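Colleague: My questions concern the predicted model and sequence given below.
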Amino acid sequence: MAKLSLGLQLGYWGQLAPGNAHVELAQEAERLGYDSVWMAESWGNDCFTPLSWIGAHTSTLRLGTAVAQLSARTPTACAMATLALDHLSGGRMVLGLGVSGPQVVEGWYGQPYSKPVTRTREYVEIIRKVLAREAPVTNDGEFYPLPYNGPGAWGMGKPLKPITHPLRADVPIFIGAEGPKNVTQTAEIADGWLPLYYSPYRQEVYADQLVNAKPGFEVAPTVMAVMNDDLEQALYPVKAMLGFYIGGMGSAKRNFHKELMARMGFPDEAEQIQKLFFEGKRDEAIAVVPDAFADEISLCGPRDRIKEKLKDWEDSPVTTLLISGDIDLLRGMAELTL
């Protein structure tokens, strides 16, 4: 039975900036013995800037992007941000990457959403070259040619390596992946995996995809934790999250979250959730989310129940639970886990 570590998942900012609330949560998490703090980005806040601010107000927490979207910046720009934050934090940076989805990539970043698995591999390879700083960086891949000699090029590009020497060549790289091919590749090329949701009771869903993971490979899912003596009430936020992701985060043609729910044993419910969500019946879509599924991927209910469920997570490949919540929840989870 492996000991679990805890990370603070701050997620997106949403409509309003959080002010100092995130710093205060991170400082409390650090006092409680949490291992890491993670920031997301979408079509609002970026992830590197808030982590820099949090890093300036903490001293031991690892600073993770969960996730930095590939299409938001070129791989060399991402490597530069990683290099800078790793230096400023004294070697606490963890680079979490993800491809996002076609709605965001094509609608917000104005780039084609093609061959996401191949694109991810190429992106990671370039970042590792930058951080290794062994030679000027070149790449003859399909997506990020270096030097660039395509349409519009002046033909004057030259291979470069970073002026600033990286603090660490081996900054950990995690990947947020859901599809089988992407998870398989993540185990092969990354230091850790960031599942959006994971069930310790259905380890067989991912078992074959993780067989090539190297020693020390980390698995850090975001796990919603709600301490409430009323289990139905505790599960509602989890069901609401699932209803939104499975129903609305994707198109009728492709929704990776819906496909994952189907692979995890709930194909009919996933189909119905999406149908209702597209019809504008969000409350009904949430109601269709099975309590059993919501319960498997979360830690909900009375305190003693959560304590028992933690044993199942400890018996899984999971190494870190990324927790979102207020200070009381962070303290409660620390008491149960750490």
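Modeller: Structure received. Keep in mind that this is a model prediction, so the values were computed, not measured.

Colleague: for this protein, what are the low-confidence residue spans?
Modeller: 1-2, 250-251 (pLDDT under 70).

Colleague: Leaving out sequence neighbours, find the closest residue to the residue most central in space within it.
Modeller: Nearest to the mean C-alpha position of the chain, by C-alpha atoms, centre = their mean, lies Ala66 at 3.7 Å. Among residues not flanking Ala66 along the chain, Trp38 sits closest, at 3.9 Å (C-beta to C-beta, 6 or more residues apart in numbering). The way it works is simple: take the backbone N, C-alpha and C, and place the C-beta from them, glycine included.

Colleague: Buried residues, stretch 54-65. List them.
Modeller: Going by neighbour count (16 or more other C-beta atoms under 10 Å), the buried part of stretch 54-65 is 54-55, 58, 61-65.

Colleague: what does stretch 91-109 give?
Modeller: 92-105, 109.

Colleague: which residues are contacting stretch 25-33?
Modeller: Contacts to stretch 25-33, defined as C-beta atoms under 8 Å, 6 or more residues apart in numbering, come from residues 6, 8, 10, 37, 54, 57-61, 326-327, 330-331, 334, 338.

Colleague: and if we set it to 7 Å?
Modeller: 8, 37, 54, 57-58, 60-61, 327, 330-331, 334, 338 (C-beta atoms under 7 Å, 6 or more residues apart in numbering).

Colleague: Over to stretch 299-312?
Modeller: When contacts are defined by C-beta under 7 Å, 6+ apart, stretch 299-312 is touched by residues 200-201, 223, 225-229, 231, 234-235, 238, 332, 336-337.

Colleague: Closest one to Leu83 out of those residues, please.
Modeller: Nearest to Leu83 out of these is Val223 (C-beta to C-beta; 30.4 Å).

Colleague: Now do that closest one: how many residues are near it, please.
Modeller: For Val223, the number of neighbouring residues by other C-beta atoms under 10 Å comes to 26.

Colleague: residues contacting it?
Modeller: By C-beta under 7 Å, 6+ apart, Val223 lies in contact with 298-299, 321-323.

Colleague: And the strands in this protein, which stretches?
Modeller: Per DSSP state E, the chain carries strands over the ranges 5-11, 36-39, 62-65, 68-69, 93-98, 173-175, 192-193, 218-219, 225-227, 299-301, 320-323.

Colleague: Would you mind finding the most buried of those?
Modeller: Most buried of the strands of the chain, by mean neighbour count (mean count of other C-beta atoms under 10 Å): strand 36-39, with a mean of 28.

Colleague: Tell me the gap between that one and the middle of its chain.
Modeller: With C-alpha atoms, centre = their mean, to the nearest Å as the basis, strand 36-39 stands 10 Å off its chain's centre.

Colleague: tell me what it is packed against?
Modeller: Counting contacts by 3 or more C-beta pairs under 7 Å, 6 or more residues apart in numbering; DSSP states H and E, strand 36-39 is packed against strand 5-11, helix 48-56, strand 62-65.

Colleague: List the strands paired with it, with their directions.
Modeller: Paired neighbours of strand 36-39 in the sheet (DSSP bridges): strand 5-11 (parallel), strand 62-65 (parallel).

Colleague: Show me the one of those that comes nearest Val205.
Modeller: Proximity to Val205, assessed across the strands paired with strand 36-39 by C-beta to C-beta, is greatest for strand 5-11 (21.6 Å).

Colleague: residues in contact with the closest one?
Modeller: With C-beta under 7 Å, 6+ apart as the test, strand 5-11 has contacts from 22, 25-26, 29, 34-40, 64, 66, 220, 222, 319-324, 330, 333-334, 337-338.

Colleague: now do stretch 202-220
Modeller: The contact list for stretch 202-220, computed with C-beta under 7 Å, 6+ apart, reads 7, 174, 180, 183-184, 187-188, 191-195, 263-265, 316-320, 322.

Colleague: just stretch 38-49 next, same as before
Modeller: Identification of contacts with stretch 38-49 by C-beta under 7 Å, 6+ apart yields 7-13, 50-51, 64-69, 72, 81, 85, 96, 104, 108, 322.

Colleague: Is the nearest residue to Asp35 once chain neighbours are set aside bridged to anything, and to what?
Modeller: Excluding its sequence neighbours, the residue lying closest to Asp35 (C-beta to C-beta, 6+ apart) is Ser5, at 4.1 Å. When assigned by DSSP bridges, Ser5 has beta-bridge partners Thr320.

Colleague: any idea how far Tyr34 is from Ser5?
Modeller: 8 Å (C-beta to C-beta, to the nearest Å).

Colleague: do Ile54 as well
Modeller: To Tyr34, Ile54 is 12 Å away according to C-beta to C-beta.

Colleague: again, but for Leu146
Modeller: 38 Å.

Colleague: same thing with Leu329?
Modeller: Distance, Leu329 to Tyr34, by C-beta to C-beta: 12 Å.

Colleague: Who has more neighbours out of those two?
Modeller: Tyr34 (28 against 14).

Colleague: which ones are touching the more buried one?
Modeller: Tyr34 makes contacts with 6-8, 61, as judged by C-beta under 7 Å, 6+ apart.

Colleague: try 6 Å
Modeller: By C-beta atoms under 6 Å, 6 or more residues apart in numbering, Tyr34 lies in contact with 6, 8.

Colleague: Domain-wise, how is the chain divided?
Modeller: 5-224+302-337, 229-301 (automatic domain parsing).
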